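>>> need the 3D shape of this:
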Amino acid sequence: MPKALGRDSACSIARSLEVLGDSWTLLIVREAIVAGATRFHEFRDALGVAPNILAKRLASLVDDGLMVRRTYQEPGERAREEYVLTDAGRSLSLVVAALGEWGRTHRPRPDGTSPRFLVETSDDPVRLAFVDSRGGQVPPERLVARRVPDRERATEAIS
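Take a look at the predicted model:
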């Protein structure tokens, strides 16, 4: 049975946290996005996570549609499975970028690292921004947020 977070499990943030609310889950997604990890040992070695926890989290990511299992076989080795991000999983790049930016700004460390996102074809760096309907950037301190039914958001068009 899926867990319901708080009194407002209809909230899109609560629904997202039902899938992503565990730190290992987001770190696995980070490794897939930033390092291109797909294989169990790549996730295990990069994160230092216990194999049983990693196996559970990868299975959940597959069950929730963020990754798919794909069989591969190295020459002379037995067949194994790798874990490849789906479109839904790749779309978490925005979340990973936002968390990286927040951590870099509000939890800086001299020895820290952060992901840099680049345009694939040109290596031009990109950055996160709130953009209004005319294409103008809006600083976070000028934002307000309101609850809006998802059905209304589906019809919004921001170019």
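>>> setting the sequence-adjacent residues aside, check what's closest to the residue nearest the centre of the chain.
Using Cα atoms, centre = their mean, the residue of the chain that lies closest to the mean C-alpha position is residue 92, 3.2 Å off. Distances taken as Cβ to Cβ, 6 or more residues apart in numbering place residue 29 nearest to residue 92, at 5.3 Å, with adjacent residues excluded. All C-beta atoms are positioned from the backbone trio N, CA, C, and that covers glycine.
>>> same question, residue 61
Spatially, and ignoring its direct neighbours in sequence, residue 61 is nearest to residue 67 (4.3 Å; Cβ to Cβ, 6+ apart).
>>> what about the one you found, how many residues close to it?
The tally of other residues near residue 67 (other Cβ atoms under 10 Å) stands at 24.
>>> just the strands in this protein please.
Using DSSP state E, the strands of the chain run over 67-72, 80-85, 130-131, 137-138.
>>> ok, which of those comes nearest residue 49?
Of all the strands of the chain, it is strand 80-85 that lies closest to residue 49, at 13.5 Å by Cβ to Cβ.
>>> what comes up buried for the closest one?
Judged by neighbour count (16 or more other Cβ atoms under 10 Å), strand 80-85 contains these buried residues: 82-83, 85.
>>> quickly note the distance from residue 83 to residue 68.
Taking Cβ to Cβ, to the nearest Å as the measure, residue 83 falls 8 Å from residue 68.
>>> shared neighbours of the two, anything?
In terms of Cβ atoms under 8 Å, 6 or more residues apart in numbering, residue 83 and residue 68 are both contacted by the residues residue 62.
>>> low-confidence bits of this structure, can you list those?
Along the chain, the model assigns pLDDT under 70 to residues 1-8, 154-159.
>>> what residue of it is the furthest out?
Most remote from the centre of the chain, using Cα atoms, centre = their mean: residue 76, at 34.2 Å.
>>> that'll do, ta.
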